[in-house]
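In: predicted structure and sequence below. I'll ask about it afterward.
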Amino acid sequence: MKPIKNQIGSRFNRLTVIDGPVRIRKDKKIAWVCICDCGNITTVEATKLKNGHTKSCGCYHREMLRIAH
(Lines give C-alpha, C1' and ligand atoms only; values in the text may rest on other atoms or scores of the structure.)
Protein backbone atom coordinates (compact mmCIF):
# COMPACT_ATOMS: atom_id res chain seq x y z
CA MET A 1 0.00 0.00 0.00
CA LYS A 2 1.44 3.36 -0.95
CA PRO A 3 1.72 6.09 1.68
CA ILE A 4 -0.96 8.77 1.87
CA LYS A 5 0.26 12.29 1.15
CA ASN A 6 -0.88 14.81 3.75
CA GLN A 7 -3.36 17.17 2.09
CA ILE A 8 -4.24 19.32 5.13
CA GLY A 9 -4.17 22.95 4.03
CA SER A 10 -4.51 22.06 0.35
CA ARG A 11 -7.17 23.83 -1.68
CA PHE A 12 -9.34 22.15 -4.31
CA ASN A 13 -11.72 24.59 -6.03
CA ARG A 14 -13.95 25.90 -3.17
CA LEU A 15 -12.76 23.28 -0.65
CA THR A 16 -9.85 23.49 1.77
CA VAL A 17 -8.73 20.30 3.55
CA ILE A 18 -8.84 20.71 7.33
CA ASP A 19 -8.58 17.13 8.66
CA GLY A 20 -8.03 13.52 7.73
CA PRO A 21 -7.38 11.22 6.14
CA VAL A 22 -10.38 9.15 7.15
CA ARG A 23 -11.75 5.91 5.77
CA ILE A 24 -15.32 6.00 4.56
CA ARG A 25 -17.93 3.41 3.73
CA LYS A 26 -17.48 -0.30 3.49
CA ASP A 27 -15.14 -0.01 0.49
CA LYS A 28 -12.54 1.70 2.73
CA LYS A 29 -11.85 4.64 0.43
CA ILE A 30 -9.73 7.49 1.72
CA ALA A 31 -11.45 10.83 2.30
CA TRP A 32 -10.59 14.25 3.65
CA VAL A 33 -12.61 16.57 5.85
CA CYS A 34 -12.93 19.92 4.09
CA ILE A 35 -14.36 23.35 4.74
CA CYS A 36 -16.11 25.02 1.85
CA ASP A 37 -15.82 28.74 1.07
CA CYS A 38 -19.46 29.08 2.18
CA GLY A 39 -18.55 27.73 5.66
CA ASN A 40 -20.00 24.22 5.45
CA ILE A 41 -17.87 21.24 6.45
CA THR A 42 -17.99 18.13 4.30
CA THR A 43 -16.11 14.85 3.86
CA VAL A 44 -14.94 14.13 0.31
CA GLU A 45 -13.29 11.10 -1.28
CA ALA A 46 -9.66 11.83 -2.08
CA THR A 47 -9.98 10.82 -5.73
CA LYS A 48 -12.96 13.14 -6.24
CA LEU A 49 -11.00 16.04 -4.80
CA LYS A 50 -7.96 15.37 -6.96
CA ASN A 51 -9.83 14.85 -10.24
CA GLY A 52 -12.06 17.90 -9.71
CA HIS A 53 -15.34 15.97 -9.56
CA THR A 54 -16.26 17.57 -6.22
CA LYS A 55 -15.81 21.34 -6.30
CA SER A 56 -17.79 22.40 -3.22
CA CYS A 57 -20.15 21.18 -0.51
CA GLY A 58 -23.02 21.49 -2.98
CA CYS A 59 -23.37 25.26 -2.80
CA TYR A 60 -21.89 25.70 -6.29
CA HIS A 61 -24.57 23.47 -7.81
CA ARG A 62 -27.32 25.33 -5.96
CA GLU A 63 -25.92 28.67 -7.17
CA MET A 64 -25.89 27.46 -10.78
CA LEU A 65 -29.50 26.28 -10.49
CA ARG A 66 -30.53 29.65 -9.06
CA ILE A 67 -28.79 31.52 -11.90
CA ALA A 68 -30.38 29.27 -14.55
CA HIS A 69 -33.90 30.07 -13.38
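Out: Received, thanks. Numbering: from 1, shown residues only.
In: residues making contact with the longest helix seen in the chain?
Out: Secondary structure of the chain per DSSP state H: the longest helix is helix 59-68. Identification of contacts with helix 59-68 by Cβ atoms under 8 Å, 6 or more residues apart in numbering yields 13, 14, 36, 37, 38, 40. Bear in mind the C-beta positions are built from the backbone N, C-alpha and C, glycine included.
In: now do the SS call for the residue nearest to the spatial centre of the chain.
Out: By Cα atoms, centre = their mean, the mean C-alpha position of the chain lies nearest to residue 44, the distance being 3.8 Å. Under DSSP: H, G, I helix; E, B strand; the rest coil, the three-state class of residue 44 is strand.
In: tell me the bridge partners for it.
Out: On the basis of DSSP bridges, residue 44 takes part in beta bridges with residue 32.
In: that one and residue 68, how far apart?
Out: As judged by Cβ to Cβ, to the nearest Å, residue 44 and residue 68 stand 24 Å apart.
In: hmm, back to that, look at the residue nearest to the centre of the chain and report its pLDDT.
Out: You'll see residue 44 listed with a pLDDT of 94.
In: before we move on, what about residue 51?
Out: Looking at residue 51, its pLDDT is 95.
In: burial of it, as a residue count?
Out: Residues lying near residue 51 (other Cβ atoms under 10 Å) number 10.
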